[in-house]
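In: Please work out how this folds:
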Amino acid sequence: MAQPLILTQSAAARVALIAGKQGKPAVLRLAVEGGGCSGFQYKFDLADGPDGDDLVSETGGVRLVVDPVSLDLVSGATVDYVESLGGAAFKVENPQAAAGCGCGSSFGI
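Out: Predicted coordinates for the structure are as follows:
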């Protein structure tokens, strides 16, 4: 059984800002693809809306959508937006990941 995903207030605010500038709905799609330095990598895109079989999580009117295949790899994850001296990025805290890498966008199971 898949665990819910969490979109933090910080991430929701950033998605709303980006979507507003692009004239799109505030819907962030999180997908997992093969590759990266640890075997899998996260991919973020703005979406027009959820597909029929997506899991949808909502924070402050902003939706986070994940397809069923990716959901198996990110179940229970938290998506945050962090700003630091090194830059700003969406960050996934994934309880499914057994290994990660320094870039923060790649993980292994």
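
In: which residues sit in contact with the residue most central in space within the chain?
Out: Centroid-nearest residue in the chain, with CA atoms, centre = their mean: Leu30, separated by 3.9 Å. Residues in contact with Leu30, defined by CB atoms under 8 Å, 6 or more residues apart in numbering, are Leu5, Tyr42, Lys43, Phe44, Leu64, Val65, Val66, Ser70, Val74, Ala77, Val79, Val92. All C-beta atoms are positioned from the backbone trio N, CA, C, and that covers glycine.

In: Tell me the buried residues within those.
Out: Neighbour counting over the contacts of Leu30 (16 or more other CB atoms under 10 Å) leaves Leu5, Tyr42, Phe44, Leu64, Val65, Val66, Ser70, Val74, Ala77, Val79, Val92 as the buried ones.

In: Report the beta-bridge partners for the residue nearest to the centre of the chain.
Out: For Leu30, the beta-bridge partners are Phe44, Val66 (DSSP bridges).

In: Point out the other helices and strands that the longest helix along the chain packs with.
Out: Of all segments of type helix in the chain, defined using DSSP state H, the longest is helix 9-22. When contacts are defined as 3 or more CB pairs under 8 Å, 6 or more residues apart in numbering; DSSP states H and E, helix 9-22 packs onto strand 27-34, strand 40-46, strand 55-59, strand 62-66, strand 78-84.
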